[in-house]
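Visitor: fold the following.
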Amino acid sequence: MAPEPNLAARSPSRWGAQEWVAVAIFVAALAVPYATEDLLVHSIVNRVLIGAMAAFSVFIMLRMDLLSFATPAFMALGGYSAVLLAMNGVTEVLLIVPASFIVPALVALPLGALVLRLRGVYFVLVTFVLTEILQLIVFLTPGLTGGSDGLAGFPAPTLLGRDLSDAQSVLALAAAMALLAVVITAALTAHFRQHFAAIEENEVLAESLGLVVWRYKAMGFVVAAGIAGMAGFALGNMLLTVHPTSFGAQQAVDTIVYTIVGGRGSILGPVVGASLLVTAADFLGNQGQYAQGLFGLLLIFVTLVARGGITGAVVTLARRLRDARRTPDAPAAAASEAAARGGAGGGGGRGGGGAGGPEPMEATATGAAVAGVEELRVEGLTKRFGGLRVLEGISFTLAPGDILGVIGPNGAGKTTLINVITGRTPPSGGRILLGGHDITGEPTHTVSRRGVVRSFQQTNTFKSASVRENVSRALRFSGTAGAEGWARVAPLLEAFGLASRLDEQSDKLPYGLQKMLGLTLAYAADPKVLLLDEPAAGLERSERTRVDEFVHHVRARGCSVLIVEHDMDLVRRLCPRIIVLDAGVVLAEGPPAEVLSRKDVIDAYVGADAAEDEAA
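Guide: Sure, this is the predicted structure:
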């Protein structure tokens, strides 16, 4: 079964049910101030709205697998900016609300250039320090911010001249801003759903396929800062004061807990988490220590038992109930389908793609494909890490349609060579030319877009996504999405037994099929030069012929291939020319039969195994 050439009907850029439900909740919140005059209800709903807005900021950052403690800092920037405008005569909300978004967003732009290079604990620490630094700045500038006393007694906001100081108006304004925040969040995370999901799950793979990772990280960081700024204005408007203690580390912890307990994987998560925990804290009243204890216990429970949070648990339960209601014939049908797949080469054994698989693919070079291919020239490439020489003076040429093997012992610099060529690691010297254009030191996504694409030694896919979604991302990130891109990839999917498993989650596939999917993703990026890092690693001997088929297919389309490999049989079969690396330098170069018979090569790398292979 060939894959669908047009996936427009399944577009991941469209809003789903969760986005519309979230918007509907905040539309309904607009009616609350007019449905009841109970000030307690107003207070709880107001704090839920503010908490949800702040949690949307965390939610966006978690979409990129970044845990940020900077939300209170941006809330403070938005809150103080709005109050300072009001104190200087600008009270119109149509001006103040945009200002509360724009000021922290503008501050986030240069900050992002610095902090978004960090990941993990380092990013967490830096964002935590940002919040502490901003609090310190507030304390040290009493003339502007009121210092430790904060700012109070500022004019109430107005809407086209109408005063908005009454309780109903305060809540209505918060609901309107929350509605705006959820629309912005939904628009961002739905339209760029594939991009954020790829960054969250496998940033290295996404960039190798052509995704400009820093662009989407910066976009998310700036929008998250702006939404936090609006939450800061809403908080100041509710409290009638902006005070540094309102924007401290505890606020950061609370918003993170709202998001994770509610569910970090759904836009409804911040809404559910804020609603539940703000209401629970209000119920406990003055017993604040119990509220914090409850938050801590819920966070531990979610981390250990239900990482999808409340919304994730509900979705999982709904799926189980749906599966349980299937007809009695469903298991038999599933078994029949699995058997059919096994017969088609999609299952069985570790790789599911052995001798019983589909017929070898037919690959013919087209004039258009060959015409766009360019020569790769590496000149004197050098890489040092401190005083350690990893590569020294590596030079070779890879013409269109060439296959070059690179072998050598562990630590010889083979993977580093691929990393440097593809922009993953900057070189210490030398040049890399593609079609005469110098691409030395260009970032990975640029190198990939120019046509130099790599695979990885280990299985490397977007594991939680389906096969279809994996290929769709590769096509989209490389700028080759559409019917033509799918038509180009279809023969590989068919040959590897993946065409019948398009909707299966990639990490549920047998190891061999995951390996073949990884090669398919690299080819989906429409390479001119393909660098394969141990494509046969981990494959059973019967499965390695799939690598031969893959290389012959891409070469027939005019693509040149560099193969780093330890399997000498595969190297002999595929590579008319090989390079032997030893301690970062070229030890030998030439045809395999000639190179592998040299004594210095045998002594340095091949050893007794090669002698045995030659004898065989």
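Visitor: give me the residue at the spatial middle of the chain.
Guide: The centroid of the chain falls nearest to Ile199 when counting by Cα atoms, centre = their mean (1.0 Å).
Visitor: ok, Leu49 touching Ala176?
Guide: No. At 9.6 Å, Leu49 does not count as touching Ala176 under the criterion of Cβ atoms under 8 Å. Using the backbone N, CA and C atoms, a C-beta is placed for each residue, glycine as well.
Visitor: which of the two has more residues huddled nearby?
Guide: When Leu49 is set against Ala176 and neighbours are counted by other Cβ atoms under 10 Å, the residue ahead is Leu49, at 31 against 18.
Visitor: for whichever strand or helix holds that one, packing partners?
Guide: Using DSSP states H and E, Leu49 maps to helix 39-62. For helix 39-62, the contact count by 3 or more Cβ pairs under 8 Å, 6 or more residues apart in numbering; DSSP states H and E identifies helix 17-29, helix 32-35, helix 71-87, helix 167-191, helix 213-239, helix 249-262, helix 268-284 as packing neighbours.
Visitor: contact partners for the nearest residue to Thr141 once chain neighbours are set aside?
Guide: Computed as Cβ to Cβ, 6 or more residues apart in numbering, the closest residue to Thr141 that is not its neighbour in sequence is Gly147, at 6.9 Å. By Cβ atoms under 8 Å, 6 or more residues apart in numbering, the contact set of Gly147 is 138-141.
Visitor: can you pull the poorly scored residue ranges out of this structure?
Guide: Counting by pLDDT under 70, the chain contains low-confidence residues at 1-13, 285-289, 291, 326-373, 605-616.
Visitor: show me where it has its strands.
Guide: With DSSP state E, the ranges of strands along the chain come out as 151-152, 158-159, 162-163, 241-242, 376-385, 388-398, 403-407, 429-434, 437-438, 452-454, 529-533, 560-564, 577-582, 585-590.
Visitor: mind putting the ones you listed into a markdown table with distance to Ala324 and mean neighbour count?
Guide: Below are the strands of the chain laid out as a markdown table (distance: least, Cβ to Cβ, whole Å; neighbours: other Cβ atoms under 10 Å):
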| stretch | distance to Ala324 | mean neighbour count |
| --- | --- | --- |
| strand 151-152 | 57 | 16 |
| strand 158-159 | 52 | 16 |
| strand 162-163 | 55 | 10 |
| strand 241-242 | 52 | 23 |
| strand 376-385 | 55 | 18 |
| strand 388-398 | 55 | 18 |
| strand 403-407 | 52 | 24 |
| strand 429-434 | 55 | 18 |
| strand 437-438 | 58 | 11 |
| strand 452-454 | 44 | 28 |
| strand 529-533 | 44 | 26 |
| strand 560-564 | 48 | 25 |
| strand 577-582 | 57 | 22 |
| strand 585-590 | 62 | 16 |
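Visitor: what's the closest of those strands to Leu77?
Guide: strand 241-242 (10.5 Å; Cβ to Cβ).
Visitor: can you name the residues in contact with the closest one?
Guide: Outside of strand 241-242, the residues within contact range by Cβ under 8 Å, 6+ apart are 76, 79-80, 83, 146, 150-152, 232, 235-236.
Visitor: kindly give a single ChimeraX line that selects the buried subset of those.
Guide: To isolate the buried members of these in ChimeraX, using 16 or more other Cβ atoms under 10 Å:
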select :76,79,80,83,146,150,151,232,235,236
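Visitor: would TSV of the contacts of strand 241-242 with distance to Val257 be doable?
Guide: What follows is the contacts of strand 241-242, written out as TSV (distance: Cβ to Cβ, whole Å):
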residue	distance to Val257
Ala76	20
Gly79	21
Tyr80	25
Val83	27
Gly146	29
Gly150	25
Leu151	28
Ala152	28
Gly232	18
Leu235	17
Gly236	22
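Visitor: neighbours of Ser542, how many?
Guide: 16.
Visitor: swap in Gly436?
Guide: Look at Gly436: counted by other Cβ under 10 Å, it has 8 neighbours.
Visitor: cool, Pro491 as well?
Guide: Neighbours around Pro491, by other Cβ under 10 Å: 17.
Visitor: separation between it and Phe550?
Guide: Distance of Pro491 to Phe550, given as Cβ to Cβ, to the nearest Å: 10 Å.
Visitor: now do Leu519
Guide: Per Cβ to Cβ, Leu519 is found 5 Å from Phe550.
Visitor: what do those two both touch?
Guide: 492, 535.
Visitor: so these two - more neighbours on which side?
Guide: Per other Cβ under 10 Å, whichever of Leu519 and Phe550 has more neighbours is Phe550, with 26 against 22.
Visitor: the more buried one contacts Lys515, correct?
Guide: No. Using Cβ under 8 Å, Phe550 makes no contact with Lys515, being 10.1 Å away.
Visitor: spit out the contact partners of the residue lying closest to the residue nearest to the centre of the chain once chain neighbours are set aside.
Guide: Computed as Cβ to Cβ, 6+ apart, the closest residue to Ile199 that is not its neighbour in sequence is Met64, at 4.9 Å. Applying Cβ under 8 Å, 6+ apart, we find Met64 in contact with 196, 199-200, 216-217, 220.
Visitor: so how far is Ala186 from Met64?
Guide: For Met64, the distance to Ala186 equals 16 Å [Cβ to Cβ].
Visitor: then Glu19?
Guide: For Glu19, the distance to Ala186 equals 4 Å [Cβ to Cβ].
Visitor: find residues that contact each of the two.
Guide: Jointly contacting Glu19 and Ala186 under the rule Cβ under 8 Å, 6+ apart are Ile267.
Visitor: neighbours of the closest residue to Val272 other than its chain neighbours, how many?
Guide: Distances taken as Cβ to Cβ, 6+ apart put Gly262 closest to Val272, at 4.0 Å, once the chain neighbours are dropped. For Gly262, the count of nearby residues is 29 (other Cβ under 10 Å).
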